[in-house]
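Visitor: sequence and computational prediction follow.
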Amino acid sequence: MFIRQISIFIENRPGRLAAVTQLLGDAGIDIRSLSLADTKDFGILRLIVNKPDMAIGVLKDAGCTITVTNVVGVKIPDRPGGLAEILQILNRADVNVEYMYAFVNRSSDRADVIFRMDNEEKGLRVLQENEVAILSCDEVYDS
Amino acid sequence: MERYWNAEMECMDRDSLETLQSYRLMRTVRRVYDNVPLYRERMDAAGVKPEDIRSIKDLHKLPFTYKQDLRDTYPYGLFAVPMNQVVRVHASSGTTGKKIVVGYTANDLDMWSECCARALTAAGADNTDFMHVSYGYGLFTGGFGVHGGAEKVGMTVIPVSTGNSKQQINVLKDFGSTFICCTPSYALSLAETMAEMGVTKDDIKLRAGLFGAEPWTEEMRRDIEQKLGIKAMDIYGLTEIMGPGVAFECSEQTGMHINEDHFIPEIIDPDTGEVLPEGAQGELVFTCISKEAFPMLRYRTRDIVTLERGVCSCGRTFVKMKKPAGRSDDMLIIRGVNVFPSQIESVLLSLGNTAPYYQIIVDRVNNNDTFEIQVEISPDMFTDTVGNLEEQTKRIREAVHTTLGIQAKITLVEPKSIPRAEGKSVHVIDRRKLH
């Protein structure tokens, strides 16, 4: 059960991040989660939104450079060692995590984390085999 | 008192000079017509025969030659003597990375040394001086050109070539160099290294330097003079015509005397090719009238220049050219290296996944040229990881370095963020204020 993440190239210039997020806001798209990877010269804004198809259309029309990647949302028990257990499962299966970031939820007993893995098919399979709870699309997108 | 290397030539009256020029021009035209197919074809096409050139007043009848002609005839197609008479070649980069090649006979090398000897003598050098040559030795004309002139003068030549600034400072100090030649930006970089090493201008014996091979300003001149405690003289030249020494400054430091007994300058309108009246600004065109191996006829230098006739306080009668005020093409000189925007375009196209939308930003920070290329990102290049984009940037940087021979900072920018319009201004932002 993959979630579609939209990545946008952001030039290191004042106002660029604001302009891109404004585009989505104007289209009535809700950003469910985001992560910004930045270097000295450029940034990559990664988004999980409630209406991915619409967001892709809006961003492409505006001339943004985007790419869509499959990521996995993992529900992690909110206790010490919770994240480490998940990472061990992936490590044993030889799946590397390229990056991850938190997904906002309203529950207090667990933390949801977005995983971008080098082999997302295999990663998802081993997580499911180990009965790790996975965030479903219904919980992310508007139906 | 002004000193000359060859007063007879340098101070010759105009009538005698023009007679000499006419004689040499006629001989050169006849020789290249007989020996170089390209010139013969061009002259035939223009309906000009060697016998139509009877004095320098007929010069305008001859067709122009262009840098492209050197590329089309690469490597030896424009040589006017058999290769067994050619004792040296030099080369410089062309717009597509292909070099242009020029050749010299023994007489040509002697004439080149003579021209540089005049420049050195005008700067105050004699056979008691030590000449520190920090121009590059190799295919580049800088090192060998001034080297030959300095030996002719009888100076003690120290052929240091480029690089390793700390060692250069030690050589300057220990060997007692009194003269130096290099690019003006390298002179300032040496001054900085001296400061870092705690060496002051009183610790070295330099008293003058010859600087050229890249554009520089009067501010840079004052900076060099003050920091190194020397007199900084301008020297002009280009590989196609000879190398350094085509023109040189005298004590007046208000322009460079062109060695007119060897090179005839003209100023033309770069768009129409019309010869412009004296004193007008336009493109500088040179005709070599004494060279044997590689005598260019009406070569378009692309440098925008003003010529100034009239009496110079130094006593020389050779016409003076002002520092080039720009280029009539889009060539940039960055850290002494010729860069054409078209080279960057071909690099980007050759990489496959990059779009040919780019902008070059050149600046001068602490006397060093900075060279940035902004490249619009293409959808093919983009993925969600930083590592990938850094890899792409590195790939462009390495390809640019391979083609141009100098390092550039590569910045990826958003699509359509670089202005689209006709003309070169889109591709180049030069903030160096060199002219």
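Guide: Ah, there it is.
Visitor: check which helix or strand covers the residue lying closest to B:Y66 once chain neighbours are set aside.
Guide: In this structure, B:Y66 finds its nearest non-sequential neighbour in B:R300, 5.3 Å apart by CB to CB, 6 or more residues apart in numbering or on different chains. All C-beta spots, glycine's among them, are computed from the backbone N, C-alpha and C. Assigned by DSSP states H and E, B:R300 belongs to strand B:299-308.
Visitor: in that strand, which residues are buried?
Guide: Residues of strand B:299-308 classed as buried by neighbour count (16 or more other CB atoms under 10 Å in any protein chain shown): B:299-307.
Visitor: and that strand, what does it pack onto?
Guide: Applying 3 or more CB pairs under 8 Å, 6 or more residues apart in numbering or on different chains; DSSP states H and E, we find strand B:299-308 packed against strand B:263-268, strand B:281-288, strand B:320-321, strand B:326-327.
Visitor: and the contacts of the first one?
Guide: Which is strand B:263-268. Defining contact as CB atoms under 8 Å, 6 or more residues apart in numbering or on different chains, one finds that strand B:263-268 is touched by B:21, B:25, B:56, B:59-60, B:241-242, B:246, B:258, B:274-276, B:280-289, B:298, B:300, B:305-307, B:319, B:321.
Visitor: which of those residues are buried?
Guide: B:21, B:25, B:56, B:59, B:241-242, B:246, B:258, B:276, B:282-289, B:298, B:300, B:305-307, B:319, B:321.
Visitor: can you pull the contacts of whichever residue of the stretch 201-350 of chain B sits closest to chain A?
Guide: In the stretch 201-350 of chain B, the residue that lies nearest chain A is B:L348 (16.0 Å; CB to the nearest CB). Neighbouring residues of B:L348 by CB under 8 Å, 6+ apart: B:354-356, B:358, B:375, B:396.
Visitor: and B:T73, what pLDDT?
Guide: Reported pLDDT at B:T73 in the predicted model: 95.
Visitor: need the nearest residue in space to it, chain neighbours excluded.
Guide: B:L38 (6.0 Å).
Visitor: tell me the contacts of that neighbour?
Guide: Counting by CB under 8 Å, 6+ apart, B:L38 touches B:65, B:69, B:72-73, B:77-78.
Visitor: ok, which pair from these is furthest apart?
Guide: Using CB to CB, these span at most 11.8 Å, a distance reached by B:T65 and B:G77.
Visitor: for the stretch 201-350 of chain B, what spans make up the strands?
Guide: Under the criterion DSSP state E, counting those that start in this stretch, strands of the stretch 201-350 of chain B are mapped to B:208-211, B:231-238, B:243-249, B:256-258, B:263-268, B:281-288, B:299-308, B:320-321, B:326-327, B:332-334, B:337-339.
Visitor: now swap in chain A and tell me
Guide: Secondary structure of chain A (DSSP state E): strands at A:3-11, A:31-38, A:42-49, A:66-77, A:97-103, A:110-117.
Visitor: let me have those strands in TSV, adding mean pLDDT as columns.
Guide: Below are the strands of chain A laid out as TSV (pLDDT from 0 to 100):
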stretch	mean pLDDT
strand A:3-11	94
strand A:31-38	92
strand A:42-49	94
strand A:66-77	93
strand A:97-103	93
strand A:110-117	92
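Visitor: ok, which of those comes nearest chain B?
Guide: Chain B lies closest to strand A:3-11 among the strands of chain A, at 3.7 Å (CB to the nearest CB).
Visitor: kindly calculate the angle that that closest one makes with strand A:31-38.
Guide: Per axes from the mean of the first three to the mean of the last three CA atoms, to 10 degrees, the angle that strand A:3-11 makes with strand A:31-38 is 40 degrees.
Visitor: thinking again about what came up before, which residues touch the residue nearest to B:Y66?
Guide: B:64-67, B:268, B:270, B:283, B:285, B:328.
Visitor: between these, which has the most around it?
Guide: B:V285 (26 neighbours; other CB atoms under 10 Å in any protein chain shown).
Visitor: spit out the contact partners of that residue.
Guide: B:64, B:265-268, B:298-301.
Visitor: domains for chain A, by residue range?
Guide: A:3-67, A:70-140 (automatic domain parsing).
Visitor: any chance of those domains in a markdown table, plus distance to B:G229?
Guide: A markdown table is the format used below for these (distance: least, CB to CB, whole Å):
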| stretch | distance to B:G229 |
| --- | --- |
| domain A:3-67 | 39 |
| domain A:70-140 | 57 |
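Visitor: save those as a markdown table, and put in distance to chain B and mean neighbour count too.
Guide: Shown next, in a markdown table, are the domains of chain A (distance: least, CB to the nearest CB, whole Å; neighbours: other CB atoms under 10 Å in any protein chain shown):
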| stretch | distance to chain B | mean neighbour count |
| --- | --- | --- |
| domain A:3-67 | 4 | 17 |
| domain A:70-140 | 6 | 16 |
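Visitor: related to what we said a few turns ago, how far away is the residue of the stretch 201-350 of chain B closest to chain A from B:K394?
Guide: 14 Å (CB to CB, to the nearest Å).
Visitor: domain ranges for chain B?
Guide: Split by automatic domain parsing, chain B gives B:7-18+B:60-329, B:333-430.
Visitor: returning to that earlier point: quick one: the strand holding B:R300 to strand B:231-238, angle?
Guide: On the basis of the same axes, to 10 degrees, strand B:299-308 is oriented at 140 degrees to strand B:231-238.
Visitor: one step back: tell me which of the strands of chain A lies nearest to A:A84.
Guide: Taking those one by one with CB to CB, strand A:66-77 is closest: 9.7 Å.
Visitor: from the contact counts, what lies against that closest one?
Guide: strand A:3-11, helix A:52-61, helix A:82-92, strand A:110-117, helix A:120-129.
Visitor: what's opposite A:E11 in the beta bridge?
Guide: With DSSP bridges as the criterion, A:E11 is bridged to A:F42.
Visitor: mind putting the buried residues of strand B:299-308 in TSV, distance to A:F115 and pLDDT included?
Guide: As requested, the buried residues of strand B:299-308 are exported to TSV (distance: CB to CB, whole Å; pLDDT from 0 to 100):
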residue	distance to A:F115	pLDDT
B:Y299	65	98
B:R300	62	97
B:T301	62	95
B:R302	58	92
B:D303	60	92
B:I304	60	91
B:V305	65	94
B:T306	68	95
B:L307	71	96
